[in-house]
Every structure is written in structure tokens, then in C-alpha cells.
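>>> Fold the following, please.
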Amino acid sequence: MELIEPFAIDIQNMGFRFPDNAEVSFTNLNLQVKKGERFGLFGPNGAGKTTLMNLMTGVLQVKEGSISLLGHKIGHQTKEVNKLFGFVPQDFSFYQELSPAENLEFFGAWAGLNQQQINQRTDELLHILGLSDVKDKAVEKFSGGMKRRVNLAIGVIHNPQVLFLDEPTVGVDVQTRHAIMNYLRTLNDNGTTLIYTSHQLSEAEDLCEHIAMIDDGKIITQGNIDDVLKEHKNETLEELFINLTGKAYRN
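Reported below is the predicted structural model:
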């Protein structure tokens with residue numbers, strides 16, 4: 001009998017609503033992301049992308065239905081389950097007064113790594129992300145692009161199997177964006193599932209293999225990116241985005 005591997009993410013009939021805010025809500029949402037995929041989640045401002053990221057990582061609790069990560073229910077997961085994924089949020093998730101090395105030591109220990117593992121991963125990540133020369137300087141003095149690289153290093157310090165990325169290149173220069181994208185592809189080539197959201201749709205089109213587009217808390221299209229573009233008779237992801245969500249301003 002062939003064993004069926006669990007999805008990286010499996011959302012079944014999920015419902016969620018903020019108690020005092022009806023603007024972002026989900027009802028009977030279903031979504032699956034296979035292991036090893038480069039998956040993009042897109043939608044206009046207020047569509048629910050960040051909320052969905054927070055639900056998939058357990059920052060927010062589902063109210064109805066379920067979310068599973070690699071076969072484990074998300075919501076009240078154990079520390080062992082938390083070690084399976086990394087999260088690179090849009091907001092910076094480090095201590096500004098500490099150096100990159102100090103931040104990585106703190107978050108590495110928090111993720112359960114021993115000192116030898118922390119030292120090895122810190123040296124490796126600082127080298128890959130071009131931060132070795134500033135490893136002992138306070139992050140508060142860094143440029144936006146350098147801070148984004150520190151944010152990414154923290155998210156992958158423990159070699160997660162699934163990596164969530166919420167606008168990982170917002171506000172960075174072309175060189176930093178190129179370096180981050182190349183590193184993400186390398187991670188994926190080595191088996192890490194990427195679940196990514198961004199407003200940089202040309203960047204997203206280069207990175208992602210499968211997508212889901214959401215608006216008003218609902219999935220309005222999903223599938224292999226080439227198949228979705230063909231289905232809607234669009235040439236680019238940006239054309240598809242405008243076609244499905246309109247040209248009106250979003251707050």
C-alpha cells in the first residue's frame with residue numbers, strides 16, 4: 001500500500017473572523033500546498049493575505065475547520081511542530097539594538113539549536129546573505145535591505161521544512177532583491193516549501209510555480225501559474241491581478 005505524504009499546508013473548511021472587524025473574514029476556505037512547492041498567495045490590500053499567513057503559522061487561532069502543516073494540526077501546536085516551519089514577517093522581527101550575530105544566537109536558541117549549531121548556521125547565513133562584515137554592528141544602523149536580510153536569516157536559522165514569507169523584499173534595492181530571490185530558490189531546490197506573498201508581481205511570477213489569489217477572504221483563482229494565466233487569457237500575473245480584482249484603489 002502506497003503511503004500518502006501529508007501536504008505542506010492543508011486547510012479544510014476554515015472559518016475565521018476578527019471579533020470587532022468584519023472586513024477580513026474567511027468562510028469554508030479550502031487550500032492545499034504540496035511539499036516542495038513554491039507557492040504564491042496574492043491579493044489587494046485588505047484581502048486577508050497577512051491574516052491567512054498568521055493563521056497558517058498559529059499566530060491567530062482558527063475558529064472553524066482546521067489547518068494542518070505536514071500532517072500536524074495548527075492552533076495549539078507543540079514546540080516540535082513550530083520547529084518545522086519558519087516565518088519571515090513583513091514587519092522586522094529582531095532586536096534593533098543587537099547585532100546580526102546576537103540576534104541569530106538568541107533566535108537560534110529559542111528554536112532549540114545548541115551552541116555549535118547556532119555558530120555554524122550563523123557563519124553560514126551571514127556569509128550567504130552578505131552580512132559577515134557587519135555581524136557585530138547594531139542592526140538599528142543598517143539600511144532597509146540589510147535589515148531584510150537579517151529578517152530572512154532569523155526565519156531560516158533552524159532549517160525549516162516550510163518557510164512562510166510575507167513581503168520579504170519590500171523596500172529593498174535591486175541587488176538585495178536579486179540576492180534574496182536566488183537564496184529562496186536554493187532553499188527550495190534543497191527541499192524547503194515556500195509560501196510567499198508580495199505586491200512585486202513580476203518577481204512573484206519568476207519565483208512561484210503555483211498560486212492562489214484571494215479577495216474579500218475568498219480564493220478567486222488558484223492552480224499552476226501557467227494554467228491559471230491561460231484559463232483567464234492573461235499574459236502576466238499583473239494582468240490577471242487587475243482582471244480579477246479591478247482597478248479601484250484599495251485602502
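>>> and the residue nearest to H158 when sequence neighbours are not counted, what are its phi and psi?
What sits nearest to H158 in space, not counting adjacent residues and going by Cβ to Cβ, 6 or more residues apart in numbering, is A111, at 3.9 Å. No exception for glycine: its C-beta is placed from N, CA and C like everyone else's. Backbone torsions of A111, given as degrees, to the nearest 10, read phi -80, psi 0.
>>> Could you do H199 as well?
Reported as degrees, to the nearest 10, the phi and psi values for H199 are phi -90, psi 0.
>>> What is the neighbour count of it?
Using other Cβ atoms under 10 Å, H199 is surrounded by 15 other residues.
>>> I'd assumed D166 was in contact with it.
No - using Cβ atoms under 8 Å, H199 is not in contact with D166, being 11.0 Å away.
>>> For M1, give me the pLDDT.
Listed pLDDT for M1 reads 50.
>>> Return the residues in contact with the nearest residue to I74 once chain neighbours are set aside.
Leaving aside its chain neighbours, I74 sits nearest to I67 (4.4 Å; criterion: Cβ to Cβ, 6+ apart). Applying Cβ atoms under 8 Å, 6 or more residues apart in numbering, we find I67 in contact with I9, D10, I11, Q12, M14, L55, M56, K73, I74, G75.
>>> residues contacting the last one?
To tie it back to what came earlier, the one meant is G75. By Cβ under 8 Å, 6+ apart, the residues touching G75 are G58, Q61, V62, S66, I67.
>>> do the fifth one as well
Contacts were defined as Cβ under 8 Å, 6+ apart; by that measure M14 touches F26, N28, L29, N30, L55, V62, E64, G65, S66, I67.
>>> In PyMOL, how would I select the buried members of those residues?
To isolate the buried members of the contacts of M14 in PyMOL, using 16 or more other Cβ atoms under 10 Å:
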select buried, resi 26+29+55+62+65+67
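>>> which one of the contacts of M14 is nearest G191?
I67 (21.5 Å; Cβ to Cβ).
>>> which residues does that closest one bridge with?
Under DSSP bridges, the beta-bridge partners of I67 are I11.
>>> how far away is it from N30?
11 Å (Cβ to Cβ, to the nearest Å).
>>> Can you pull the residues that touch both of these two?
By Cβ under 8 Å, 6+ apart, the residues touching both I67 and N30 are I11, Q12, M14.
>>> ok now the helix or strand hosting the last one, how far from the chain's centre?
Spelled out, that is M14. Using DSSP states H and E, M14 falls within strand 9-18. Computed by Cα atoms, centre = their mean, to the nearest Å, the chain-centroid distance of strand 9-18 equals 17 Å.
>>> Confirm that S25 sits in a helix.
No - membership of S25 in a helix is not supported by DSSP: H, G, I helix; E, B strand; the rest coil, which gives strand.
>>> Neighbours of the nearest residue to it once chain neighbours are set aside, how many?
When the adjacent residues along the chain are set aside, S25 lies closest to R17, with 4.0 Å between them (Cβ to Cβ, 6+ apart). R17: 16 surrounding residues under other Cβ under 10 Å.
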